[in-house]
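# next come a sequence and a model predicted from it.
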Amino acid sequence: MTLSDADVQKQIKHMMAFIEQEANEKAEEIDSKAEEEFNIEKGRLVQTQRVKIMEFYEKKEKQIDQHKKIQMSNLMNQARLKVLKARDDMIVGFYQLLEPKVTVRCRQQDLEMVQAAIAKDIIIYKDTVKSNIVVKIDKDRFLSPDICGGVEVYNDNGKIKVSNTLESRLDLMGQQMMPEIRVSLFGPNPNRKFLD
């Protein structure tokens, strides 16, 4: 039985259609597999980068927390030093006056710190001098807010004043160092007997 040319052409077209369908199915399978592998790889890369980003920001957050703790510690130390300085200024004034009643003047912004320091200073003063002291804060007349800090301590009637502000201490140091400054600027004076 021999096939006619039309039958041969029909079988060839049928075989070509089958081969084309097989090729299309194989191509779809390859595309599908490639898409799946791409999605898996993309998910892995995204997850890896997400973990890296999260680690980076966790590290940054820890650095910020540590920086905040350091700043808080520094602020606390500065506050402690201010309180100690205020206490030192007042207790020196108490010792210089040795009066049973004193009045303290401070800057308005230092009022709370001075109030806290006074309670502790009274105890120290009583232990050292073995005498009671009454301390009043002058809330009617504060020191100028332009000064850098410190206190002024007055006796009961206000006639004796001990000024322990930074400015008054600098003035005192300037007067005490005047002879040294004079020698540094002008050299030693052969006519001076005393170097005061």
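Okay, I see it.
# tell me if Thr103 really is in a strand.
Yes. Assignment of Thr103 by DSSP: H, G, I helix; E, B strand; the rest coil places it within a strand.
# residue contacts, it?
Contact partners of Thr103, counting by CB atoms under 8 Å, 6 or more residues apart in numbering, are 135-138, 153-156, 158. For every residue, glycine as well, the C-beta is placed using N, CA and C.
# one more time with 6 Å
When contacts are counted by CB atoms under 6 Å, 6 or more residues apart in numbering, Thr103 touches 136, 138, 154.
# top of these by neighbour count?
Tyr154 (21 neighbours; other CB atoms under 10 Å).
# give me the element it is part of.
strand 150-155 (DSSP states H and E).
# strands paired with that strand, and their directions?
Sheet pairing of strand 150-155 (DSSP bridges) gives strand 101-105 (antiparallel), strand 161-165 (antiparallel).
# name the residues that touch that strand?
Counting by CB under 6 Å, 6+ apart, 89-90, 93, 97, 99, 102-106, 161-166 sit against strand 150-155.
# go again with 8 Å.
85-86, 89-90, 93-94, 96-97, 99, 101-106, 110, 114, 138, 143, 160-169.
# now distance to Glu35 and mean pLDDT too, for the strands paired with strand 150-155, in TSV please.
Output for the strands paired with strand 150-155, formatted as TSV (distance: least, CB to CB, whole Å; pLDDT from 0 to 100):
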stretch	distance to Glu35	mean pLDDT
strand 101-105	83	93
strand 161-165	80	87
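# of those strands, which is nearest Asp5?
Among these, strand 161-165 comes nearest to Asp5, with 122.1 Å by CB to CB.
# ok now the closest one, how far from the chain's centre?
32 Å (CA atoms, centre = their mean, to the nearest Å).
# buried residues of whichever helix or strand comes after it, list them for me.
Next helix or strand after strand 161-165 toward the C-terminus (DSSP H and E): helix 166-186. Of all the residues in helix 166-186, not one is buried under the rule 16 or more other CB atoms under 10 Å.
# before I go, just wanted to say thanks for your time.
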